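Asker: Okay, predicted coordinates and the sequence, questions at the end:
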Amino acid sequence: MPKIHPLANVHRDAQLADDVEVGAFTVIGEHVKIGAGTVIGPHVVLTGHTTLGENNRVFQFASIGEISQDKKYQGEKVTTTIGDNNTFREYVSVHAGTVQDRGDTLIGNGNLILAYTHVAHDCVLGNNIVISNTVQLAGHVHVEDYVVMGGLCGIHQFCRIGAHAMVGGGSMLVQDVPPYVTVSGYPAKPVTINSEGLKRRGFTSETIMSLKRAYKTLYRNGLSLSAAIDQLRADAENEPALLALVTFLEVEGRGIAR
């Protein structure tokens, strides 16, 4: 049986795996599902049609699955879906989706989301992301795998952040960040390739050098974006990392930070 503190309020129809732990004064709603090995701290609110996978840790005063702060929301059935092995620190808030978009806010696996971070409606977060304290993700933001965000960042709605990118602390992001790129500032501008992060994740020195050359093509050679993409596409034939960069750039979005 789940280990539920006697001062917690867990709806009788909520679905909790047998080894889930729930702290005092936590409220868990009727349509919440929680997977094995998950620990929910005290004073947490889990509500809405929310699913948490296995081995998650939710610290005190976090709120997950609440309805969005979107004025268009009219009570439709929407969801929040969270994978495995995530950590949500104090006062994190994650809101459910809206029917105007995907109807679901999705967070993958192995993410570390630090205190006071807000993940708004219809955001999609991949895997192994680190989000530092007080980062604010507006609605419809997509964050790919292994992204790192410094504290106090603001991310404009509909922005995309590519895999292995880094957003410097205190940045205000209003356009997309391509994979592998570090941006910083207000508004955020490209600085360099996230070389240190790539080394830590096992990228070879040859691949990192090719990404540095790609960065120059994209940002330093005076090419238009379309011309830079054409050049990168030609260079990507024998380099999967470059192909991922080209694929990201070919998707129409808010335009890249440039």
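Answerer: Sure thing, it's come through.
Asker: What ranges in the stretch 151-258 of the chain fall below the confidence cut-off?
Answerer: Within the stretch 151-258 of the chain, not a single segment meets pLDDT under 70.
Asker: Could I get the full set of strands for it?
Answerer: Assigned by DSSP state E, counting those that start in this stretch, the strands in the stretch 151-258 of the chain fall at 154-155, 160-161, 166-167, 172-173, 181-185, 188-193.
Asker: of the ones you listed, which approaches residue 106 most closely?
Answerer: Among these, strand 160-161 comes nearest to residue 106, with 14.1 Å by CB to CB. (C-beta placed from N, C-alpha, C; glycine too.)
Asker: And that closest one, how far out from the chain middle?
Answerer: Mean-position distance between strand 160-161 and its chain equals 9 Å (CA atoms, centre = their mean, to the nearest Å).
Asker: Could you list every helix and strand in contact with it?
Answerer: With contacts taken as 3 or more CB pairs under 8 Å, 6 or more residues apart in numbering; DSSP states H and E, strand 160-161 sits against strand 142-143.
Asker: Adjacent strands (with direction) for the strand it packs on?
Answerer: Strand 142-143 pairs in its sheet with strand 124-125 (parallel), strand 160-161 (parallel), by DSSP bridges.
Asker: so of those strands, which one's packed in deepest?
Answerer: strand 160-161 (a mean of 26; mean count of other CB atoms under 10 Å).
Asker: Leaving out the residues flanking it, which one is nearest to residue 119?
Answerer: residue 94 (4.4 Å; CB to CB, 6 or more residues apart in numbering).
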